[in-house]
Structure formats: C-alpha cells, structure tokens
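Q: model the structure of this input:
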Amino acid sequence: MPLQVTLVSAEEAVWPGEATLVVAKTVIGEIGFMAGHTPMLAILAEGQVRITPPEGPKIIANAQDGFISVENDVVTIVAGEAALVA
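A: Here you go, the predicted structure:
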C-alpha cells in the first residue's frame, strides 16, 4: 500500500498524491519514509523534499520552516515556504 502524501506551504497546496518513498531534510538530518514507518513528528530543515510516486518521475520540492508528520502511512509536510522544482 502506498503512502498518502500532502505537501503544503503557508500559501497553497503544493503536491498531494501517492508515493512509495518520501525523503526530507530535518534539523537532525535527512530521513526517508516508506509504507509501515513508525509514527513520528520532525522539524523540517531548509532543503529538498523528494517524493517517489508509484509511477512516473520523482517529485522534487524545495521546502523550509515547518514540520513533517507520519502516521498510518499518511505523510503530511507543512512548510512555511515550499515550491516544486521538478
């Protein structure tokens, strides 16, 4: 079962969809999430968020100032600023 991912900035929804892998930079380092990951909440650091959908190209966004939450295969990334790069 894929992850349900939502990436939002303070101003808009940047990307919603399904993914097999999400990698983000936190204040303690880079972390990756796959289905079945234990619940966690982390502070987002400035850097790239890389999302691998089940099909198609990777989604890459720059994000900063926010948090990332993972629970029950739902990944929510809330950033003060976020924009798609690719």
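
Q: Ile60 against Ala86, yeah?
A: Yes. Counting by C-beta atoms under 8 Å, Ala86 is a contact partner of Ile60 at 4.3 Å. Glycine gets a C-beta too; all of them are placed from N, C-alpha and C.

Q: between these two, who's got more neighbours?
A: Taking neighbours as other C-beta atoms under 10 Å, Ile60 and Ala86 compare with Ile60 leading, 13 against 9.

Q: bridging residues for that one?
A: Listed beta-bridge partners, Ile60: Arg50 (assigned using DSSP bridges).

Q: check what pLDDT the residue nearest the centre of the chain gets.
A: The centroid of the chain falls nearest to Ile77 when counting by C-alpha atoms, centre = their mean (4.9 Å). On pLDDT, Ile77 comes in at 98.

Q: the host helix or strand of it pairs with which strands, parallel or anti?
A: In this structure, Ile77 sits in strand 74-84 according to DSSP states H and E. Partners of strand 74-84 in the sheet, by DSSP bridges, are strand 3-8 (parallel), strand 59-71 (antiparallel).
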